[in-house]
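Peer 1: Quick check, what structure comes out for this input:
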Amino acid sequence: MARAEYVTKLHTVCVKCSNPATRNQRLINGQPASINAPIVVVVVVVVV
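Peer 2: As a prediction, the model looks like this:
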């Protein structure tokens with residue numbers, strides 16, 4: 001059995017029904033991310 005000083009349990013919630021989520025989906029600009037997409041997408045917006 002593993003031992004640790006601290007355990008943080010993370011839970012997700014379904015945005016449609018507010019029940020606990022069983023899966024997750026990575027989105028980029030509101031669209032499902034492809035398997036080859038980078039993990040982090042940085043968007044820079046310059047307002048002049």
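Peer 1: all strands for the chain, in order.
Peer 2: 27-28, 31-32 (DSSP state E).
Peer 1: Averaged pLDDT, the first one. What do you get?
Peer 2: For strand 27-28, mean pLDDT rounds to 80.
Peer 1: how far does it sit from the chain's center?
Peer 2: Offset of strand 27-28 from its chain centre (C-alpha atoms, centre = their mean, to the nearest Å): 9 Å.
Peer 1: Give me the sheet partners of it and which way each runs.
Peer 2: Strand 27-28 sits in its sheet next to strand 31-32 (antiparallel), going by DSSP bridges.
Peer 1: what mean pLDDT does the strand it pairs with have?
Peer 2: 84.
Peer 1: Hmm, residue 14 is touching residue 23, no?
Peer 2: No. Between residue 14 and residue 23 no contact is recorded; they are 9.4 Å apart, counting by C-beta atoms under 8 Å. All C-beta atoms are positioned from the backbone trio N, CA, C, and that covers glycine.
Peer 1: neighbour-wise, which of the two wins?
Peer 2: Neighbour totals were compared for residue 14 and residue 23, and residue 14 leads with 11 against 6 (other C-beta atoms under 10 Å).
Peer 1: ok, the more buried one - contacts?
Peer 2: Residue 14 is in contact with 20, 21, counting by C-beta atoms under 8 Å, 6 or more residues apart in numbering.
Peer 1: What pLDDT is listed against it?
Peer 2: 82.
Peer 1: again, but for residue 41
Peer 2: 68.
Peer 1: Look at residue 34 and say how many residues are nearby.
Peer 2: Neighbours around residue 34, by other C-beta under 10 Å: 8.
Peer 1: Go through the strands of the chain and name the closest to residue 38.
Peer 2: strand 27-28 (8.8 Å; C-beta to C-beta).
Peer 1: so of the strands of the chain, which one's packed in deepest?
Peer 2: Mean neighbours per residue, mean count of other C-beta atoms under 10 Å, is largest over the strands of the chain for strand 27-28, with a mean of 11.
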